[in-house]
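**Student:** Here is my input, please return the structure:
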Amino acid sequence: KMRSRIKRMEGLLDDLLTYSRAGRFRGEAALVDIRELVARVIETVSPPEGFAVHVVGELPTLYTYSAPLETVLRNLVNNAIKHHDQPNGNIRISAQMMDEKVEFAVSDDGPGIDPAFHDRIFQMFQTLRPRDQVEGSGIGLAVVEKIVTSVGGTVTLESSSGSGATFRFTWPREYKPQ
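**Tutor:** Here you go, the predicted model:
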């Protein structure tokens, strides 16, 4: 019991550090092939047997920072797996070009999220299931929102109970520091 609490506290501290750094980018923006970035995300997440991550359509090449975009996509894919209610599932990643932005979508066929909780899920320390049922500090979606808004984008959720979830976020086609 004590060991699991210590492990949870260490995870929380790591997550808080990640949150505090979200939105601060180091190095320089560069051309990033999003197809390669998504392949890295899938390899890093290493979906458990029974889960598949599908790229739908074409993914662009953007002039951006790769690490924050990779963090956003990794958090969304991890969440889709972690909160799925079946031992197997499908996650879809797509991108749609807009004028000056790209709209990414990460969709799953999981249990969905009741609209009553849509505002709450982006707040720090929020999980919709008890800590003993799902591992996590409730910071992942707060990090997603902080990173996306720091580049001038928006993040939204389309979901209802029992029908999966789609997280959409916009990202600049060309990153220009504010």
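
**Student:** Near Asp99, how many residues? Count them for me, please.
**Tutor:** The burial count assigned to Asp99 is 5, neighbours taken as other C-beta atoms under 10 Å. Where C-beta positions appear, they are placed from N, C-alpha and C, glycine not excepted.

**Student:** Need phi/psi at it.
**Tutor:** Backbone torsions of Asp99, given as degrees, to the nearest 10, read phi -60, psi -70.

**Student:** Relative to Pro172, how far out is it?
**Tutor:** Going from Asp99 to Pro172 by C-beta to C-beta, to the nearest Å gives 11 Å.

**Student:** joint contacts of those two?
**Tutor:** Common neighbours of Asp99 and Pro172 are not found (criterion: C-beta atoms under 8 Å, 6 or more residues apart in numbering).

**Student:** which residues touch stretch 45-64?
**Tutor:** 29-35, 38, 42, 69, 74, 77-78, 81, 84, 87-95, 97, 102, 151, 171-175.

**Student:** now, which of the residues you listed lie within helices?
**Tutor:** If you go by DSSP state H, the contacts of stretch 45-64 have Ile34, Arg35, Val38, Ile42, Leu69, Arg74, Val77, Asn78, Ile81 in helices.

**Student:** how about the residues you listed in a markdown table, adding pLDDT, distance to Phe167 and neighbour count?
**Tutor:** Below are the ones in helices among the contacts of stretch 45-64 laid out as a markdown table (pLDDT from 0 to 100; distance: C-beta to C-beta, whole Å; neighbours: other C-beta atoms under 10 Å):
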| residue | pLDDT | distance to Phe167 | neighbour count |
| --- | --- | --- | --- |
| Ile34 | 96 | 16 | 24 |
| Arg35 | 96 | 19 | 14 |
| Val38 | 96 | 14 | 22 |
| Ile42 | 93 | 16 | 19 |
| Leu69 | 90 | 14 | 24 |
| Arg74 | 91 | 13 | 19 |
| Val77 | 93 | 10 | 23 |
| Asn78 | 89 | 12 | 17 |
| Ile81 | 90 | 13 | 18 |
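
**Student:** unless I'm mixing things up, Gln86 is touching Gly162, no?
**Tutor:** No - counting by C-beta atoms under 8 Å, Gln86 sits too far from Gly162 to count as a contact (12.0 Å).
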